[in-house]
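Engineer: 3D model of this:
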Amino acid sequence: MPTINDLRDLIDHIVIIVKENHTFDNYFGTFPGAEGQKVGRAANPPPDDPNHRHEAWESRAGDAQHKVQYVEDDIPAYFALARQYTLCDHHFSEIAGPSTPNHLMLICADAPIINNPHHHYRPGAKDTYNLKSVPLALENAGLSWANYGGYAFHYIEELAGHRFNHGSDLFVHHAAAGRLPSVTWLYAEGKPSLSEHPTQNVTEGAKWTLDQIQAIVDGGLWKRTIIFITWDDWGGWFDHVVPDNVEQWQASMAQKSADAHPEFNGQQFRYGSRVPCLVVSPYAKRGNVSKTKRSHISLVKFVHSFFGIPLIHSRLKTVDDMSDCFDATQQPLPPPH
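Structural biologist: Prediction:
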């Protein structure tokens with residue numbers, strides 16, 4: 001069976017696109033061949049921003065209002081990508097809670113928080129956390145990286161203010177010019193934005209994602225790039241698959257007293273609800289629905305495995321590395337059409 005090692009001579013760039021706040025059933029519950037459950041149709045754009053903090057996650061079973069979903073007519077771009085490449089239908093958000101802890105997991109495989117800190121997504125120097133990060137591990141291995149629009153990088157002590165933190169609008173210019181680093185994290189920055197965070201239009205957000213991929217194609221980088229597209233957290237929406245309880249929160253895990261939340265001690269920390277993950281590349285398996293159980297830090301594990309860099313956290317030892325989504329021996333797939 002082909003492995004990640006087989007991809008090393010074929011791929012130069014990994015791009016991780018992080019969108020916002022939708023479960024698997026909310027987006028792909030009607031996708032043929034996927035583990036989905038059909039529920040009522042969701043309004044586009046959503047009329048409200050569902051509560052998606054940890055305490056809301058704990059009581060989610062009683063929320064009938066947000067047991068709704070989008071269909072192919074709402075997000076045709078994503079359904080097309082799923083048909084052309086690989087869709088993962090057992091990919092779980094890392095944390096049973098909102099954005100920031102999940103964003104940190106996608107960068108560090110670690111998070112000392114279970115809810116969002118209260119800094120309006122713009123942390124100051126005293127708000128950072130002491131965490132090991134994939135970007136610094138890449139630098140130490142002589143590899144390059146960039147962040148386009150990711151606010152959570154500024155919560156990480158060793159990355160806050162780093163020269164490779166850019167605004168999201170720069171990505172299309174760099175990609176179209178054929179200038180991307182080894183690993184890129186890409187976000188639709190700002191409000192109103194195209195991140196798909198409620199109350200934003202999901203069709204427009206999906207088109208933004210497709211535009212970023214087109215910039216990669218325009219820059220001549222498609223043939224040597226792997227693109228992962230995932231959604232940071234559950235967003236308060238229904239999903240019928242109950243995530244495994246693999247780690248529980250303890251107040252001692254927090255680095256700051258304001259983040260301790262002792263009232264959550266013993267409650268589920270990992271995993272959070274299921275979210276979509278699309279794998280888009282010439283070597284992604286065509287028309288494939290991957291059933292392998294994985295989570296956000298599987299993307300971190302892929303980066304480690306692909307580049308052979310030391311693991312930055314013990315959580316990475318036992319997680320899946322996304323390898324079953326690829327076939328390095330297949331005829332390379334064309335760009336999205």
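Engineer: shouldn't residue 205 be within a helix?
Structural biologist: Yes: under DSSP: H, G, I helix; E, B strand; the rest coil, residue 205 sits within a helix.
Engineer: and it, how far is that from residue 221?
Structural biologist: 23 Å (Cβ to Cβ, to the nearest Å). Where you see a C-beta, it was placed from the backbone N, CA and C, and this is true even at glycine.
Engineer: so between the two, which is more surrounded?
Structural biologist: For residue 205 versus residue 221, neighbours defined as other Cβ atoms under 10 Å are more numerous around residue 205 (22 against 19).
Engineer: mind checking how far the residue nearest the centre of the chain is from residue 302?
Structural biologist: Relative to the mean C-alpha position of the chain, the nearest C-alpha, by Cα atoms, centre = their mean, is the one of residue 230, at 3.6 Å. Taken as Cβ to Cβ, the spacing of residue 230 relative to residue 302 amounts to 12 Å.
Engineer: then residue 19?
Structural biologist: In this structure, residue 19 and residue 302 are 18 Å apart, going by Cβ to Cβ.
Engineer: then residue 108?
Structural biologist: If you go by Cβ to Cβ, the gap between residue 108 and residue 302 works out to 15 Å.
Engineer: how about residue 209?
Structural biologist: From residue 209 over to residue 302 the distance is 19 Å, taken as Cβ to Cβ.
Engineer: same question for residue 5.
Structural biologist: In this structure, residue 5 and residue 302 are separated by 12 Å, where distance is defined by Cβ to Cβ.
Engineer: quick one: contacts of stretch 189-207?
Structural biologist: 19-22, 27, 44-50, 70, 74-78, 148-151, 167-169, 187-188, 208, 231, 235-236 (Cβ atoms under 8 Å, 6 or more residues apart in numbering).
Engineer: same thing but 6 Å
Structural biologist: Contacting residues not belonging to stretch 189-207 are listed as 19-21, 44-46, 49, 70, 74-75, 77-78, 149, 168, 188, 208 [Cβ atoms under 6 Å, 6 or more residues apart in numbering].
Engineer: average model confidence for the helix or strand harbouring residue 174?
Structural biologist: Following DSSP states H and E, the helix or strand that holds residue 174 is helix 170-176. Over the span of helix 170-176, the pLDDT mean works out to 98.
Engineer: ditto for stretch 125-136
Structural biologist: Stretch 125-136 shows a mean pLDDT of 95.
Engineer: buried ones in that stretch?
Structural biologist: The neighbour-count criterion (16 or more other Cβ atoms under 10 Å) identifies 127, 128, 129, 131, 132, 133, 134, 135, 136 as the buried residues of stretch 125-136.
Engineer: likewise for stretch 76-90?
Structural biologist: Using 16+ other Cβ under 10 Å as the test for burial, stretch 76-90 gives 77, 78, 79, 81, 82, 84, 85, 86, 87, 88, 89, 90.
Engineer: which elements pack onto whichever strand or helix holds the fifth one?
Structural biologist: In other words, residue 82. Using DSSP H and E, residue 82 falls within helix 76-84. Counting contacts by 3 or more Cβ pairs under 6 Å, 6 or more residues apart in numbering; DSSP states H and E, helix 76-84 packs against helix 202-218.
Engineer: which other residues reach the helix or strand just after the helix it packs on?
Structural biologist: Downstream of helix 202-218, the first helix or strand assigned by DSSP H and E is strand 225-231. When contacts are defined by Cβ under 6 Å, 6+ apart, strand 225-231 is touched by residues 11, 13-17, 19, 22, 216, 275-278, 280-281, 299.
Engineer: strand partners of strand 225-231, parallel vs antiparallel please.
Structural biologist: strand 13-19 (parallel), strand 277-280 (antiparallel) (DSSP bridges).
Engineer: ok, now how distant is the residue lying closest to residue 293 once chain neighbours are set aside from residue 156?
Structural biologist: With sequence-adjacent residues excluded and distances taken as Cβ to Cβ, 6 or more residues apart in numbering, residue 293 is closest to residue 90, at 4.6 Å. As defined by Cβ to Cβ, residue 90 lies at a distance of 28 Å from residue 156.
Engineer: can you check residue 89 too?
Structural biologist: Distance of residue 89 to residue 156, given as Cβ to Cβ: 30 Å.
Engineer: what's the burial count for residue 47?
Structural biologist: A total of 9 residues lie near residue 47 under the criterion other Cβ under 10 Å.
Engineer: check which helix or strand it maps to.
Structural biologist: Element membership for residue 47, per DSSP H and E: none, as it lies in no helix or strand.
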